[in-house]
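A.B. asks: sequence and predicted structure below; questions after.
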Amino acid sequence: MRNQAFVALAALVAGCASAGGAAHQAEPAAAPSAAGTAAETTSVDRPQYPSTYRRHPNPPVLIRSATIMTAAGQEIPNGSILFKDGRIVAVGTRVQAPSDAVVVDGTGKYVTPGLIDDHSHLGVYAAPGTDAESDGNEATNPVTAEVWAEHSFWPQDPQIPLAIAGGITTIQALPGSANLIGGRSAILKLIPARTVQEMKFPGARYGLKMACGENPKRVYRTRGPSTRMGNMAGYRAAFIQAEQYRFRWEKWNKDHQGDPPQRDLKLESLAEVLRGNIYVQNHCYRADEMAQMIDLGHEFGFKIRSFHHAVESYKIADLLAREGVSVSVWADWWGFKEEAMDGIQQNAALNQQAGGRPLIHSDSPSGIQRLNQEAAKAMYAGQRAGISITRDQALRWITVNPAWALGLDSIVGTLEPGKMADVVVWSGDPFSVYAKALQVYNDGWLVYDRNDPAHRPRTDFELGQVPAPGSDR
Amino acid sequence: MIALLLAQTIAITGGTVYPVSGPKLEHATVLMQNGRIAAVGTNVTIPAGATRIDATGKWVTPGLTDGGGQMGLVEIGAVGGTREAFYQGDSVAAAFNVAEGINPASTLIPVTRMEGVTTTLAAPGGHLISGQAVLIDLDGATVEQMLVKSPVGILADLSESGKDEAGNTRAGVTQRLRQVFRDALDYERRKADFARAQMQALSAHSADLEALLPVLHGQLPLIAVANRKSDIATALRLAREFKLKLILAGGQEGWEVAADIAAAGVPVLIEPLDNIPSYDALGIRYENAALLAKAGVKVVLLETDTHNARNLRQEAGNAVSYGMSWDQALRAVTLSAAEVFGVADRYGSLEPGRVANVVVWSGDPFEFTTAVEHVFIRGREIPLRSRQTDLFERYKTLPPKY
């Protein structure tokens, strides 16, 4: 929307929802694995597009005399944090630095976990927003569970460094929301890289993007689905096929009678959802539709991990909390289409109050640069309305809660010993409009330093045609 | 009418007052009478019977003005029937004035004003010449009651998106504009010939040419959307050639030609949180507003997402974060906007005689911690209520009470 410089045009094609399958991640030693147990990936017999992520070697870092916001219940004034070999070693008021540590004076600064956006289209809807860079919606069939966002992802998207400068360390890059089932998401470390494989979060399970409501029925109006009931029938038909596929493979794996069943990429993704190895990430605005989707999950025995956008989730916050579905919401977007008309600023806070798991997502290359500000707006809107929201809870909305939605909350999302050293140093209180990320560490690597051009990554795209900050052209 | 009848004498006392036209005043009073500001200062005599509002510890500013958007012209983005800003058909729609399309009952209006934005532009979009923008106050039962000024300018699109209707080239855009401008002047000289059908075919309808005459006489601004620095240069060139009163909108690469813009005395309407590179502006960056202001350009801030025009204050806060002074940013959402839109004699500052658009904030208006405590539009206290607060009240405890 913001690309329209002066007068915003109305149309908004939101897209989200991808799904992924667990799987064969050949990954580097010491990288913690998200999908801990061996996947029941019975229809795949070979490695698939493995992560080649490697931690960048770097010295230990001690940030001292800062306010440390852990997203794990603590806000420590005049605190320190030490990380080494990509892991957080210690957090507190008395932390000793090894002799080889780089010491950062954090006086007046705030430190938080790296921010996580579980709803991004970076790389799949890259800038500049031309047709050639539009790789987010495989809008050729309402069910395209066979497509994987990582196969669209362009690591030279100039929006990536902008998001890094906003303190983002992990994203879920999703296919768009044109389709009922849009494809698998990519869970990525947000770092400069030549290939998407180098960015793939080791061991992270895929998400499967699904979409409710207006978008699919608008896109497929002439061929169907053209109604919300048509949408539901479409999901059900797909999962019925997937149940059969899963059954065929389980049977064959047991008895090895005859030829193995033919692989089907679409059904493989869906079967992985049924096996619990892929998380459903469901674009869904209206409360009544979310309730339908919960029933769909019950019918086929899977759990939706997060409702995305979920502008009406506050209306069924009790149901969502009971079902254990997180909600990925905006602070204040509303009104761009009918199913977004009932958006209110207290949405995240009301879900928190109900015992749910809200988180703030961006769905925007602009918004991803200031998730902290969006969380601040949502927190204060809740507080002003009399809902008790703590700063730690609001910080969790942009750190460990999205980590949970991606199944990575044991690895990232808080500042606790043993967690991956995804760390942001802020110029001030991150809930202030005036705070900016000064340093961003991703797995211990200083990927961004606002005050040091040597640590301000630029994509190939920018070289020679986009003026560097602080330079003339 | 109701708004006018309810306007009364109100004294906001004890607050830190930011008149914008002068230095801030501690423990000051803002006195409003009959919809206008009657007095501002630390020694104001409060008439007996005045309603008093204690603003001790609070900040008091003029209501904010959003220098862009389509307030009243869009209800639901995706529903065409609720969109009124895009005139279909003519690539030169200079005679199209958006005012009568404005919906005073729009749900966006209460949502916006209860967060301190009291005045907004309502601008047309699309085409080479989009039409006439107007300035409105966010209160009133009719368009007449809302209008602050109509028109405030005619919009032309010199950016990438304007090319569609001018041969798909930038040079085509300028050539077409020049032709239209010359035809307008020609038409003015030869109206009698035109009436007798003794003129060659004109490049636009006579009504649109007629509408352009105030622009060509330097009375009404041309608001030119231009982002690439070459397009900004083109806009400045056209303004010189035709002696136009120019306002730049968008201006994304403006920082690269800030000195030229400043030298031309041309103001710029900017969305600060706009930094996604496109081929229309690869040089787009957050520091644009600050760098232009530093060069001496008059900057007005805007929020393009009309539904979230309330985020104008977040835009302003970020402009400060990226280099504007706080005072510059406040001016850019109040007095500078009033000056650029030609209403500074009535709007944009807290001075006697000005329209009483006043906001009482719990603190710095740009900070997220800050709550809006009171909003006055033309002296009427605005209830801090909207469809969104109604929804919240219904669902704050579950199940809802229907």
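C.D. replies: Received the coordinates, thanks.
A.B. asks: and the pLDDT for A:Ala348?
C.D. replies: pLDDT for A:Ala348: 98.
A.B. asks: A:Thr52 too?
C.D. replies: Among the per-residue scores, A:Thr52 shows a pLDDT of 98.
A.B. asks: equivalent analysis for B:Ala201, please.
C.D. replies: The per-residue pLDDT reported for B:Ala201 equals 88.
A.B. asks: hmm, A:Ala242 is touching A:Leu265, no?
C.D. replies: No - distance between A:Ala242 and A:Leu265: 11.8 Å, which falls outside the contact criterion (C-beta atoms under 8 Å). Glycine gets a C-beta too; all of them are placed from N, C-alpha and C.
A.B. asks: centroid residue for chain B?
C.D. replies: Centre of chain B computed as the mean C-alpha position; nearest residue by C-alpha atoms, centre = their mean is B:Gly67, 2.4 Å away.
A.B. asks: thinking again about what came up before, looking at A:Ala242 and A:Leu265, which is more packed in?
C.D. replies: A count of neighbours by other C-beta atoms under 10 Å in any protein chain shown puts A:Ala242 above the other of A:Ala242 and A:Leu265, at 25 against 16.
A.B. asks: need the nearest residue in space to the residue of the stretch 351-473 of chain A found nearest chain B, chain neighbours excluded.
C.D. replies: Closest approach between the stretch 351-473 of chain A and chain B, counting by C-beta to the nearest C-beta: A:Val433, at 3.3 Å. Beyond its immediate neighbours in the sequence, the residue positioned closest to A:Val433 (C-beta to C-beta, 6 or more residues apart in numbering or on different chains) is B:Gly317, lying 3.3 Å away.
A.B. asks: residue contacts, that neighbour?
C.D. replies: Taking C-beta atoms under 8 Å, 6 or more residues apart in numbering or on different chains as the contact definition, B:Gly317 lies against A:Val433, A:Tyr434, B:Ala329, B:Phe366, B:Glu367.
A.B. asks: where's the residue in the stretch 151-300 of chain A that chain B sits nearest to relative to B:Leu291, distance?
C.D. replies: Using C-beta to the nearest C-beta, the single residue of the stretch 151-300 of chain A nearest to chain B is A:Pro158, 5.4 Å away. Summarising the geometry, the distance separating A:Pro158 from B:Leu291, computed by C-beta to C-beta, to the nearest Å, is 20 Å.
A.B. asks: quick revisit: looking at the contacts of B:Gly317, which are in helices?
C.D. replies: Under the assignment DSSP state H, these contribute B:Ala329 to helices.
A.B. asks: out of the contacts of B:Gly317, give me the one that has the most neighbours.
C.D. replies: Neighbour tally across the contacts of B:Gly317 (other C-beta under 10 Å): the maximum, 28 neighbours, falls on B:Ala329.
A.B. asks: so that residue is in contact with B:Ala319, correct?
C.D. replies: Yes - under the criterion of C-beta under 8 Å, B:Ala329 is in contact with B:Ala319, at a separation of 4.9 Å.
A.B. asks: overlap in contacts of those two?
C.D. replies: Common contacts of B:Ala329 and B:Ala319 (C-beta under 8 Å, 6+ apart): B:Leu301.
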